[in-house]
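*Asks:* Give me a 3D structure for the following:
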Amino acid sequence: MHIHFIAIGGAAMHNLAIALHQKGYKVTGSDDEIFDPSRSRLLKHGLLPNEFGWYPEKINDSIDVIILGMHARKDNPELLKAQELGLKVFSYPEYLYEQCKDKKRVVIGGSHGKTTITSMVMHVLKEMDYNFDYMVGAQIEGFETMVKLSHDAPIAIFEGDEYLSSPIDLRPKFHWYKPDVALLTGVAWDHINVFPTWENYVEQFKIFADSMNTNGTLIWYLLDEELQNINKELRADITSLAYDEMPSVVKDGKSEVSFNGEKFKLSIFGAHNLQNLNGARIVCAELGISDDEFLRCISNFKGAAKRLQTLKEVETFASFLDFAHSPSKLSATVSAVNKQYPERKLVACMELHTFSSLNKDFLPQYKNSMKDADVAYVYFNPSVVEHKKLEPISEDMVFSAFGTSNVKVFSDTKLLQAELLKQDWKNTNLLFMSSGNFSGIDFNEFVEKL
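*Replies:* Down below sits the predicted model:
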């Protein structure tokens, strides 16, 4: 089978391309630009296009399947040629479902924590020598790719993203997967460019719950008000299982949980992570793994990339990197680091980088989200605002939106870095939060300078 990717260079797309190549399919692709790590990884597997650009003349009847990435546009020349020829065009999530429709599908969704829970489940299944396919939104230690597809695995574990499927398929990705087991972590407004109202956003999670397979199981976070409402309206054939934070204590800077009289030290910490861990435990129980086996396996789980990832830790200083960008994620991540290191000051740096976070109408949602940091720095790049075709925002506007006196706003990354470099870091932790890199910071290199 010949599969052609339009916009093969995306983080998800190139991983799917590699997975299908490893499964034995003929894979080709195109893109107008490809950056590392996608570029290097495609090159390693012989899948990097010889030249960048769109080449409709290469689209012909020998191609069995076209997979269309979000980076492409509706008027992409290769897409138009494929449509003219009547070739089957799939979105990324649609084709994942096509590959795994005969497997038991587990889908982890929610506005936050879905990458971490998916990673936890994958980690435990690997430790237990389960054969499974997967798709996750970050690089996980011990896994070469973010996607694996096989002919024989009976289980598929998917991270269920609510963002759009493709330029010509405006359904949320997770509406495609029809899970047998699903988990929802919570609902906190995101993607304002796609879901302009809170009600519209919440509706996507209701549709997801209703899309589950017959006699499925929905696992959900007990204290989320919207999930409580969704649970009340579940189909009668769906089993409902709620979870809360797993009880723990902090000893010598490590979180510890107890089960059946045995204590398990964890490499992760924070209330959200202990909620995530408990959700992952129930998912694994649905797959036949006992609580005791789960806790033994999860004790050495270090987390997914950019999910409270430790950059550096010494006796009186630690630095962390987190993907947090929405208001609820900022609050939770700041609180987690504070509670784990109550004797240290916390300097928290957040970058406004996503479409929602840079939207002046969404900014007021950030009120008080950084209040628990001793020092809070908020950065945005005006050229990114311009590139996203948004109305300009100012440092004063951002300061007013966050609403607390501990916040200082920067729109020049050099000034922010200079401010950090002159700090005294004794008994102080540093937390970076962004889906970007603060306009060019190499985080590992930077913390070595402090």
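
*Asks:* In the protein, where's the longest helix?
*Replies:* helix 271-286 (DSSP state H).

*Asks:* In that one, which residues are buried?
*Replies:* If you call a residue buried by 16 or more other C-beta atoms under 10 Å, then helix 271-286 has these buried ones: 272-286. Using the backbone N, CA and C atoms, a C-beta is placed for each residue, glycine as well.

*Asks:* ok, now stretch 381-400?
*Replies:* Going by 16+ other C-beta under 10 Å, stretch 381-400 has these buried residues: 381, 384, 385, 390, 393, 395, 398.

*Asks:* any chance you could map the strands in the stretch 351-450 of the chain?
*Replies:* 375-379, 407-410, 428-433 (DSSP state E, counting those that start in this stretch).

*Asks:* Show me this structure divided up by domain.
*Replies:* What automatic domain parsing lists as the domains of the chain is 2-86, 95-298, 309-449.

*Asks:* export those domains to TSV and tack on mean pLDDT?
*Replies:* Putting the domains of the chain into TSV (pLDDT from 0 to 100) gives the following:
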stretch	mean pLDDT
domain 2-86	96
domain 95-298	94
domain 309-449	94
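
*Asks:* quick one on the thing from earlier: of the buried residues of helix 271-286, which is the nearest to residue 125?
*Replies:* Comparing the buried residues of helix 271-286 against residue 125 with C-beta to C-beta picks out residue 284 as the nearest, at 7.5 Å.

*Asks:* circling back to that earlier point, downstream of the longest helix of the chain, the next helix or strand is which one?
*Replies:* Next helix or strand after helix 271-286 toward the C-terminus (DSSP states H and E): helix 291-298.

*Asks:* and that following helix, what other elements does it pack with?
*Replies:* helix 114-127, strand 254-259, strand 262-265, helix 271-286 (3 or more C-beta pairs under 8 Å, 6 or more residues apart in numbering; DSSP states H and E).

*Asks:* what about stretch 399-407, how long is it end to end?
*Replies:* 7 Å (C-alpha to C-alpha, to the nearest Å).

*Asks:* And for that stretch, what's in contact with it?
*Replies:* For stretch 399-407, the external contacting residues (C-beta atoms under 8 Å, 6 or more residues apart in numbering) are 363-364, 366-371, 373-378, 408-409.

*Asks:* For ChimeraX, what selects the buried ones among those?
*Replies:* Remark: buried members of the contacts of stretch 399-407, expressed as a ChimeraX selection using 16+ other C-beta under 10 Å:
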select :363,366,369,370,371,373,375,376,377,378,409
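
*Asks:* could you dump the longest helix of the chain to CSV, C-alpha only?
*Replies:* Provided in CSV are the C-alpha atoms of helix 271-286 (Å, rounded to 0.1, in the frame of the first residue of the first chain):
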residue,chain,number,x,y,z
ALA,A,271,-1.8,17.4,42.9
HIS,A,272,-2.5,17.2,39.1
ASN,A,273,0.1,14.4,38.7
LEU,A,274,-1.4,12.5,41.6
GLN,A,275,-4.8,12.9,40.0
ASN,A,276,-3.3,11.7,36.7
LEU,A,277,-1.7,8.7,38.4
ASN,A,278,-5.0,7.6,39.9
GLY,A,279,-6.8,7.9,36.6
ALA,A,280,-4.0,5.9,34.9
ARG,A,281,-4.3,3.3,37.6
ILE,A,282,-8.0,2.7,36.8
VAL,A,283,-7.3,2.6,33.1
CYS,A,284,-4.7,-0.1,33.7
ALA,A,285,-7.1,-2.0,35.9
GLU,A,286,-9.5,-2.1,32.9
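
*Asks:* Show me where this protein has its helices.
*Replies:* Assigned by DSSP H, the chain shows helices spanning 11-23, 38-44, 77-85, 92-100, 114-127, 198-210, 225-232, 271-286, 291-298, 327-340, 382-387, 395-402, 413-421, 443-449.

*Asks:* ok, and for the third one, which residues are buried?
*Replies:* Meaning helix 77-85. In helix 77-85, counting by 16+ other C-beta under 10 Å, buried: 77, 78, 79, 81, 82.

*Asks:* Repeat that for the fourth one.
*Replies:* By neighbour count, with 16+ other C-beta under 10 Å as the criterion, the buried positions of helix 92-100 are 92, 93, 94, 95, 96, 97, 99, 100.

*Asks:* before we move on, what about the fifth one?
*Replies:* Within helix 114-127, the residues that qualify as buried by neighbour count (16+ other C-beta under 10 Å) are 114-125, 127.

*Asks:* Which other helices and strands does that helix contact?
*Replies:* Right, helix 114-127 is packed against strand 104-109, strand 132-135, strand 155-160, helix 271-286, helix 291-298 by 3+ C-beta pairs under 8 Å, 6+ apart.

*Asks:* Would you reformat those as CSV and include distance to residue 351?
*Replies:* Shown next, in CSV, are the helices and strands packed on helix 114-127 (distance: least, C-beta to C-beta, whole Å):
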stretch, distance to residue 351
strand 104-109, 25
strand 132-135, 26
strand 155-160, 23
helix 271-286, 20
helix 291-298, 30
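
*Asks:* among the ones you listed, which is nearest residue 319?
*Replies:* That would be helix 271-286 among those, by C-beta to C-beta, at 17.5 Å.

*Asks:* returning to what we had before: can you put the strands of the stretch 351-450 of the chain in TSV and add distance to residue 266?
*Replies:* TSV is the format used below for these (distance: least, C-beta to C-beta, whole Å):
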stretch	distance to residue 266
strand 375-379	27
strand 407-410	31
strand 428-433	18
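
*Asks:* re earlier: ok, so of the buried residues of helix 92-100, who is nearest residue 201?
*Replies:* Minimum distance to residue 201 across the buried residues of helix 92-100 is 18.1 Å, recorded for residue 93 (C-beta to C-beta).

*Asks:* what residues are up against the closest one?
*Replies:* 161, 165, 173, 174, 176, 177.

*Asks:* Now do residue 306: how many residues are near it, please.
*Replies:* When neighbours are defined as other C-beta atoms under 10 Å, residue 306 has 19 of them.

*Asks:* For it, which non-adjacent residue is spatially closest?
*Replies:* residue 323 (4.4 Å; C-beta to C-beta, 6 or more residues apart in numbering).

*Asks:* residues near that neighbour, how many?
*Replies:* Counted with other C-beta under 10 Å, residue 323 comes out at 21.

*Asks:* So what sits opposite residue 433 in the bridge?
*Replies:* residue 322, residue 350 (DSSP bridges).

*Asks:* Now that it has come up, it's in contact with residue 330, right?
*Replies:* Yes. Proximity of residue 433 to residue 330 meets the contact threshold set by C-beta atoms under 8 Å, at 6.2 Å.

*Asks:* Settle it for me: which of these two has more neighbours?
*Replies:* residue 330 (27 against 23).

*Asks:* my guess is the more buried one meets residue 324, correct?
*Replies:* Yes. Counting by C-beta under 8 Å, residue 324 is a contact partner of residue 330 at 5.3 Å.
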